[in-house]
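# Build me a structure from this.
(one chain, ligands or ions: 2)
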Amino acid sequence: MESNVTENPAAIAGWREKWPAPAKLNLMLKITGRRADGYHLLQTVFQIIDLCDWLTFHPLSEDKVCLQEQIPGVAETDELTVRAAKLLKQHTGYAGGVRIELEKNLPMGGGLGGGSSDAATTLVVLNRLWDLRLSQQQLMQLGLQLGADVPIFVFGHSAWGEGVGEELQAITLPEYWLLIIKPDCHVNTRQIFLAEGLTRNSASIKMIDFIAGDYSNDCTAIVTSMYPEVKNAIRALSEFGEARLTGTGACVFAVFVDENAARAAYAALQSEWVVYLARGQNQSPLYKKLDRE
Ligand SMILES: C[C@](O)(CO)[C@H](O)COP(=O)(O)OP(=O)(O)OC[C@H]1O[C@@H](n2ccc(N)nc2=O)[C@H](O)[C@@H]1O
Ligand SMILES: Nc1ncnc2c1ncn2[C@@H]1O[C@H](COP(=O)(O)OP(=O)(O)OP(=O)(O)O)[C@@H](O)[C@H]1O
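Ligands and ions are numbered 1, 2, ... in the order given. The predicted structure follows:
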């Protein structure tokens, strides 16, 4: 049964609205070690970008969490927004439910963190709509149980990341244009982190090293050797700028200071590749919208 949720007037406006779940790029990624549980210790620069999935939450008065429409190839029990909403209910004892409508624009297995961002938007928005009053820190800890990339989206600002990506320090980056190619393959993050040849002992760097141009991604060598499509995408994008891998891929990107140059490269590549033109965002579009509420 759908509820009219009259008990929380402050939340009414947020129901049935569209909430953004932005993507991220890893502008640099070093693997500096491995924890006893197998997870890898990283140093990374997360830049949030303005490509988004969109989520709408419909209140249910019964104890039920469901998706309006399933994502092809993802079982509802594995789907990250459903898992996030259930985790919130379990953690707080909230008795009601929600039906989640997800407009999926971000490619899966692309290293853009789309599923993680969907989960983060679910945690942040339901915390508000259900009036649960968990702190941002508590939501980040809950998010980490769903995936290493969830905390950055709850944090909601471009950041320097350490640990497994959950130790975050806000940074302000130039909001440049970004051209992203999605090669025709899904890279399995777990498979890359398990690969024998993966570099796991990079020396730690400082922010100043990144600013001076250390943009390397330790996953690039292994990903390009296992996925020729990624190697080809890097080659194609390199004609227009310095092509880099985000996360464990599959997406590769180049930074453009000049909008016209970015648009020209986009036009040249789009006949052969799935390409996205985006802009860096220091503050997450999710928090921009929340601030306007
Ligand atoms: C590569 C990045 O996207 C960089 O931002 C993230 O580190 C990956 O984050 P994610 O996709 O949310 O990853 P998770 O869903 O937490 O983990 C997927 C799998 O990758 C491995 N994994 C992930 C993150 C990490 N720091 N070390 C790992 O070894 C683990 O085997 C895990 O089973
Ligand atoms: N809402 C969701 N959107 C996308 N994928 C989801 C979702 N829920 C569960 N998944 C599962 O999570 C996997 C990873 O999806 P995601 O879009 O986060 O990949 P990614 O961009 O490579 O992430 P990352 O950068 O965090 O490695 C998918 O292959 C899919 O099986």
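# wait, does stretch 27-42 contact ligand 1?
Yes: Stretch 27-42 reaches ligand 1 (C-beta under 6 Å from any ligand atom) through Gly38, Tyr39, His40, Leu42. (C-beta placed from N, C-alpha, C; glycine too.)
# Looking at those, which are in strands?
His40, Leu42 (DSSP state E).
# want to try JSON lines for the residues of stretch 27-42 next to ligand 1, with pLDDT as columns?
Putting these into JSON lines (pLDDT from 0 to 100) gives the following:
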{"residue": "Gly38", "pLDDT": "91"}
{"residue": "Tyr39", "pLDDT": "94"}
{"residue": "His40", "pLDDT": "97"}
{"residue": "Leu42", "pLDDT": "97"}
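# Tell me the one of the residues of stretch 27-42 next to ligand 1 nearest Cys66?
Using C-beta to C-beta, Tyr39 is the member of those that lies nearest Cys66, at 30.6 Å.
# From Leu25, how far off is that closest one?
Here Tyr39 is placed at a distance of 21 Å from Leu25 (C-beta to C-beta, to the nearest Å).
# Just want to know which of these two has more residues nearby.
Higher neighbour count among Tyr39 and Leu25: Leu25, with 28 against 14, using other C-beta atoms under 10 Å.
# so the more buried one, which of the three states?
Recorded secondary structure, Leu25: strand (DSSP: H, G, I helix; E, B strand; the rest coil).
# Backbone dihedrals for Leu60, please?
For Leu60, the backbone dihedrals are phi -120, psi 140 (criterion: degrees, to the nearest 10).
# oh, I was asking about Val150
Val150 adopts backbone torsions of phi -70, psi -40, taken as degrees, to the nearest 10.
# surely Glu242 meets Val255?
Yes: assessed by C-beta atoms under 8 Å, Glu242 is found in contact with Val255 at 7.3 Å.
# More neighbours: those two, which one.
Each of Glu242 and Val255 has its neighbours counted (other C-beta under 10 Å); Val255 has more, 20 against 12.
# mind listing what the residue nearest to the more buried one when sequence neighbours are not counted touches?
Closest residue to Val255 apart from its sequence neighbours, by C-beta to C-beta, 6 or more residues apart in numbering: Tyr176 at 5.0 Å. With contact set as C-beta atoms under 8 Å, 6 or more residues apart in numbering, Tyr176 has these partners: Val255, Phe256, Val257, Arg279, Gly280.
# In JSON lines: these, plus secondary structure.
As requested, these are arranged in JSON lines below (three-state DSSP):
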{"residue": "Val255", "secondary structure": "strand"}
{"residue": "Phe256", "secondary structure": "strand"}
{"residue": "Val257", "secondary structure": "coil"}
{"residue": "Arg279", "secondary structure": "strand"}
{"residue": "Gly280", "secondary structure": "strand"}
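# Can you tell me which of the residues you listed are buried?
Buried members of those, scored by 16 or more other C-beta atoms under 10 Å, are Val255, Phe256, Gly280.
# still on that earlier bit, state the distance from the residue nearest to Val255 to Leu27.
Using C-beta to C-beta, Tyr176 is found at 10 Å from Leu27.
# give me the number of residues near Leu210?
Quick fix: residue 210 reads Phe, not Leu. Neighbour count for Phe210, taken as other C-beta under 10 Å: 20.
# do Trp54 as well
By the criterion of other C-beta under 10 Å, Trp54 has 16 neighbours.
# So it, which state does it fall into?
strand.
# thinking it is in contact with Lys18, fair?
Yes: using C-beta under 8 Å, Trp54 is in contact with Lys18, at 4.6 Å.
# who touches the residue of the stretch 51-200 of the chain found nearest ligand 1 in this structure?
Ligand 1 sits closest to Gly147 of the stretch 51-200 of the chain, with a gap of 3.0 Å, by C-beta to the nearest ligand atom. Residues near Gly147 by C-beta under 8 Å, 6+ apart: Leu80, Gly115, Ser116, Ala119.
# Name the nearest residue to the second one, sequence neighbours excluded.
Closest residue to Gly115 in three dimensions, ignoring its sequence neighbours and counting by C-beta to C-beta, 6+ apart: Leu80, at 4.5 Å.
# Tell me how far Glu230 lies from ligand 2.
Let me fix one detail, which is that residue 230 is Val and not Glu. To ligand 2, Val230 is 12 Å away according to C-beta to the nearest ligand atom, to the nearest Å.
# Quick one: list the elements packing against the helix or strand hosting that residue.
Taking DSSP states H and E as the definition, one finds Val230 inside helix 228-237. Helices and strands touching helix 228-237, by 3 or more C-beta pairs under 8 Å, 6 or more residues apart in numbering; DSSP states H and E, are strand 177-182, helix 220-226, strand 252-256, helix 259-269.
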